[in-house]
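Asks: sequence first, then the predicted structure, then my questions.
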Amino acid sequence: MNTFYRRLSFNGKALSGAGKIVKSNLAVSLLPKNRAVCLPEPYTFAERHVSSAYKKNDEFAIFLAKLLRKEIDSLTKAGFKLIQLIAPSIAYNINKVDLDLVYDALNIVTKNLKAKTILHFYFGDVSKKIGKLLDLPVSGLGFDTTSTPISSIKKHSFSGKALAVGLVNSYNTKIENKKKCISEMNQILSKTKPEEAFVTTNFDLEYIPKEFARKKILILGQIASGVRNV
């Protein structure tokens, strides 16, 4: 799948204005009490954008981690309880990525944070690194099951961690079989035994027609209602 986005250019090192950007673009008063938001994690953010002030990607990632933390602190004060940190660049570059850098950047974002954080992987198979990814300082991990096989997820214990399973496919308009997905999710949970579980889409729904996106959201709710402990 080809996706397009605006490439941001950061021209300084100041964090002025940070903490207001995301919230100012949300109609917070219209959202439910159990609020969640989706943001890029620092490594992906640094990989996808540019900076004239930071020539080294690791320094840029740490700068962006500090910026994201200010944004997330503002969001948690506004009642957001779940932060989904999307990590396509980690998944795509899983055999090359500096996981020590990822750890340090995420630690800035999540240390002493009151909200839960789910690091969600898509655009790449991370099955061989799940053990190491479980050590990252986040509340839990999420997976695109069209890229990372379910069989590989089942091999790991998620004790003390949350697990988000992307069973609803956002890459096409085919509507999932509810009973099959419920059965699959129950099997995953019986093997992995996470502290908390979520059933999700594997990727954003914005790239399929609205009619089908609505149907997939509906089936997502039906699957979640039928799964034990979700």
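Replies: Happy to help now that I have it. Numbers count the residues shown, from 1 in each chain.
Asks: check which helix or strand L85 maps to.
Replies: strand 80-86 (DSSP states H and E).
Asks: got the contact list for that strand?
Replies: Outside strand 80-86, the residues that touch it by CB atoms under 8 Å, 6 or more residues apart in numbering are 34-41, 44, 72, 75, 106, 109, 113, 115-120, 122, 138, 142, 164. (C-beta placed from N, C-alpha, C; glycine too.)
Asks: so which bits of the helix or strand K70 falls within are buried?
Replies: Here K70 sits within helix 57-77, counting by DSSP H and E. For helix 57-77, the neighbour count (16 or more other CB atoms under 10 Å) marks 60-65, 67-76 as buried.
Asks: also stretch 111-125?
Replies: By neighbour count on 16+ other CB under 10 Å, the buried set for stretch 111-125 is L113, A115, K116, T117, I118, L119, H120, F121, Y122, F123, G124, D125.
Asks: okay, and which of the contacts of strand 80-86 map to strands?
Replies: 35-40, 116-120, 142, 164 (DSSP state E).
Asks: any stretches of this structure with poor pLDDT?
Replies: Residues of the chain meeting the criterion pLDDT under 70: 1-5, 14.
Asks: please enumerate the helices of it.
Replies: Counting by DSSP state H, the chain has helices at residues 21-24, 42-48, 57-77, 88-92, 99-110, 130-133, 150-154, 178-192, 210-226.
Asks: can I get the ones you listed in a markdown table with distance to G160?
Replies: Shown next, in a markdown table, are the helices of the chain (distance: least, CB to CB, whole Å):
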| stretch | distance to G160 |
| --- | --- |
| helix 21-24 | 29 |
| helix 42-48 | 23 |
| helix 57-77 | 21 |
| helix 88-92 | 21 |
| helix 99-110 | 15 |
| helix 130-133 | 14 |
| helix 150-154 | 16 |
| helix 178-192 | 11 |
| helix 210-226 | 22 |
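Asks: excluding sequence neighbours, find me the nearest residue to K216.
Replies: Distances taken as CB to CB, 6 or more residues apart in numbering place V168 nearest to K216, at 5.3 Å, with adjacent residues excluded.
Asks: these two touch, right, the one you found and G221?
Replies: No: in this structure, V168 is not within contact of G221 by CB atoms under 8 Å, at 10.2 Å.
Asks: more neighbours: these two, which one.
Replies: Taking neighbours as other CB atoms under 10 Å, V168 and G221 compare with V168 leading, 21 against 11.
Asks: quickly list what the more buried one is bridged to.
Replies: Note on V168: beta-bridge partners T201, judged by DSSP bridges.
Asks: what sits against it?
Replies: V168 sits next to E176, C181, V199, T200, T201, N202, K216, I219, L220, I223 when contact means CB under 8 Å, 6+ apart.
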